[in-house]
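J.: Sequence and computational prediction follow.
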Amino acid sequence: MATELAPGLIHHPGFLNPAARARLAAEVAAVLASAPPVTPCMPRTGKPFTVRMSNAGALGWVSDRSGYRYQPDHPETGEPWPAIPPAAKAAWDALAAFPAPPEACLINLYAPDARMGLHQDRDEADFSAPVVSLSLGAAALFRYGSLRRSDPTRSVRLLAGDALVIGGASRLIHHGVDRLYPENDLLAENPLPCFLPVGGRCNLTLRRVSAPVV
């Protein structure tokens, strides 16, 4: 049953059943075979992320010393990003309530000790579209706050198959991942997708980058 964690922030526990998770995992594996994961770095410091990333769709989100941006090709191979996995696109169609399709599907790959600091998703041209998040693999502690980074935060545990919609008044909230729970078999995917290390997690976020043409 869906839960509204904050206005516009909707948690859908178990949105993907085991068969749907296996189908999505196979589609993600195919994407990664043609668009290998890279380790992005912070623009100013060059400090590497602890999360490895790839993308699918017409545009992909990248971060390097030049800054944060969307671009149509892989930063190392120069090849166009593969198409968005059909299972991920189906989740957008079911949950986004937005008239235009996603243009980007960012694939975050977490090792058991990886983290994602508090941040906002604000590199898109139109914030009226939500971000739709899908989880595979180990459970994660997702932390979310408000528009100001200094505001109090709350947390929710995201399990394999959970979906999260970040939209409406929550579209620009600060959010991140504090830790994974690889040690708890009850909270992890079994078996893990083939592209994840033991105890790892995969998170897909579907985004609309440009404003729809009216």
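T.: Received, thanks.
J.: Tabulate the CA atom coordinates of the helix ranked longest in the chain in CSV.
T.: In terms of residue count, the longest helix belonging to the chain (DSSP state H) is helix 18-34. Output of helix 18-34 as CSV, limited to C-alpha atoms (Å, rounded to 0.1, in the frame of the first residue of the first chain):
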residue,chain,number,x,y,z
PRO,A,18,9.9,-11.1,-7.8
ALA,A,19,9.1,-11.8,-11.4
ALA,A,20,9.1,-8.1,-12.3
ARG,A,21,12.4,-7.6,-10.4
ALA,A,22,14.0,-10.4,-12.3
ARG,A,23,12.8,-9.0,-15.6
LEU,A,24,14.1,-5.5,-14.7
ALA,A,25,17.5,-6.9,-13.5
ALA,A,26,17.9,-8.8,-16.8
GLU,A,27,17.2,-5.6,-18.7
VAL,A,28,19.6,-3.5,-16.6
ALA,A,29,22.3,-6.2,-17.2
ALA,A,30,21.8,-5.7,-20.9
VAL,A,31,22.2,-1.9,-20.6
LEU,A,32,25.4,-2.3,-18.5
ALA,A,33,26.9,-4.6,-21.1
SER,A,34,26.8,-1.8,-23.7
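J.: tell me which strands and helices it is in contact with?
T.: strand 52-56, helix 86-95, strand 104-110, strand 131-137, strand 201-207 (3 or more Cβ pairs under 8 Å, 6 or more residues apart in numbering; DSSP states H and E). Where you see a C-beta, it was placed from the backbone N, CA and C, and this is true even at glycine.
J.: Run through this protein and note the low-pLDDT ranges.
T.: By pLDDT under 70, the weakly predicted segments of the chain are 184-188, 214.
J.: In stretch 67-78, which residues are buried?
T.: Using 16 or more other Cβ atoms under 10 Å as the burial criterion, the residues of stretch 67-78 that qualify are Tyr70, His74.
J.: ok, and what's touching it?
T.: Counting by Cβ atoms under 8 Å, 6 or more residues apart in numbering, stretch 67-78 makes contact with 35-36, 38, 43, 54-55, 58-62, 64, 79-81, 103-104, 123-124, 209, all of which sit outside it.
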